[in-house]
Every structure is written in C-alpha cells, then in structure tokens.
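Peer 1: give me a 3D structure for the following:
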Amino acid sequence: MSKLAVVCFAGLICIAGTFAYTRVVAPLNAAPQAVGPVKPPTTDAEKIKSAMSAAPLAVAQGATIMDMATMKPLKQGTNGWTCFPDGPSPGVDPMCVDKNGLEWAHAWMNKQPPPKDKMGFGYMLMGGSDASNTDPHATQPAPGGKWVDTGPHVMVLNIGDRFAGYPTTPGDTKMPWVMFPGTPYAHLMIPVK
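Peer 2: Residues are numbered from 1 along each chain as shown. Got it, this is the predicted structure:
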C-alpha cells in the first residue's frame, strides 16, 4: 500500500512521491508490537514522540520533526536531521535521515538520480518491512513474494557500488545486506539488534 505525498522542510526542500509503507517490528528496548494495521499517531505530541523513536535520543532531540500527512513542521530542529512519525501504513515506520539522506529520499521518491557523491545516513530503530529488496518503487510484494521484514536498523544511503561483497538478498536480516542493488537507490541495511 502506498500514498502519494508532498513534504516540505523549512520551506526549502520539498519531496513529492509515493511512499512505500512498512509493517510493525519491535524497537530496541520495547516489547514486540502486534503485526497488522495500526492506528498512526494523531496529536502533534504523539507524532513528535513517534518520530523521535526512529533515532537515538541524541539525534532525535535536535531533529526537525515533520508531519508527512499535513506537511506541517511539528518541531524545528537545530542539528540537520529530519524525522518523520509513523504514517497511515500497515505498521509502525518512523524514520530519521541526515541532510544527504533527505536529498537521497527526494530523488528516490521522484525517480530521479540521487545527488552525486553525497552519501547519506538514516535511522529506522522501530524496524520496517519493504515490498521488495530489488524494486525501489514496489508498493506490494510480487505475486507469490513476501514482505522483507527488518528489525531495528540504520541505513547508509547513496552508496553506488562501493559495498561490493555484501549480500544483495536479505537471506538473514540480522546481518548487513544491500537493498535495491544495481539501482541508483542501493543502500546498505545494517541491523542494530
């Protein structure tokens, strides 16, 4: 399931595109959550708390928090990071990215080449699920396929082909692997639990 959205950050950078949604997996220090549709946060306070759960507190405290559904900045940041709360998707999927990661995400969602030589970094400490490990724009698994479930992880974005030697299939999602190999959106998935 996906939703077309436009997100603007501090009136400077706007992202428009289709977001792939994820399902629920447990955060680092929380009890496992039920898999299946969950109600996303609705109040600004709940959205801020959700967004901040995506990254370590030291990063999240100084991050800009944006509400994807309304394009409303919920909290202005000071450290160059941007965090998004869980959205209307099958599960919990907040994410935090650095400035280069935000540029990479903008390119990915608009099916444009990522910025050259700008490696980015992102946190998804609540984990997630992806429709495909090879199709960066898939919104559902291929017929007969299944979701690529990941636990809490960090992402090294815009890696090009610099991570040769890492697996390109998520056979064991507790070990690092390359997601979207052979595409401009290849990124290294690094489990943290």
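
Peer 1: how near is the residue sitting furthest away from the middle of the chain to residue 177?
Peer 2: Relative to the mean C-alpha coordinate of the chain, counting by Cα atoms, centre = their mean, the farthest residue is residue 144 (24.6 Å). Counting by Cβ to Cβ, to the nearest Å, the gap from residue 144 to residue 177 is 21 Å. All C-beta atoms are positioned from the backbone trio N, CA, C, and that covers glycine.

Peer 1: now residue 63
Peer 2: In terms of Cβ to Cβ, residue 63 sits 27 Å off from residue 177.

Peer 1: same question for residue 73.
Peer 2: 34 Å.

Peer 1: between these two, which has more neighbouring residues?
Peer 2: residue 177 (21 against 16; other Cβ atoms under 10 Å).

Peer 1: and the closest residue to that one other than its chain neighbours, how many neighbours?
Peer 2: The shortest distance from residue 177 to any residue other than its chain neighbours is 4.4 Å, reached at residue 167 (Cβ to Cβ, 6 or more residues apart in numbering). Neighbour count for residue 167, taken as other Cβ under 10 Å: 14.

Peer 1: any weak-confidence spans in the chain?
Peer 2: Across the chain, the ranges flagged by pLDDT under 70 are 1-38, 88-91.

Peer 1: how about the strands in it?
Peer 2: Applying DSSP state E to the chain gives strands spanning 2-9, 13-20, 64-67, 72-75, 82-84, 95-97, 120-124, 128-130, 148-150, 153-157, 177-179, 187-191.

Peer 1: and the last one, how far out from the chain middle?
Peer 2: Spelled out, that is strand 187-191. A distance of 11 Å separates the C-alpha centroid of strand 187-191 from that of its chain, computed with Cα atoms, centre = their mean, to the nearest Å.

Peer 1: ok so, going back, so how far is residue 161 from the residue nearest to residue 177?
Peer 2: Separation of residue 167 from residue 161 (Cβ to Cβ): 14 Å.
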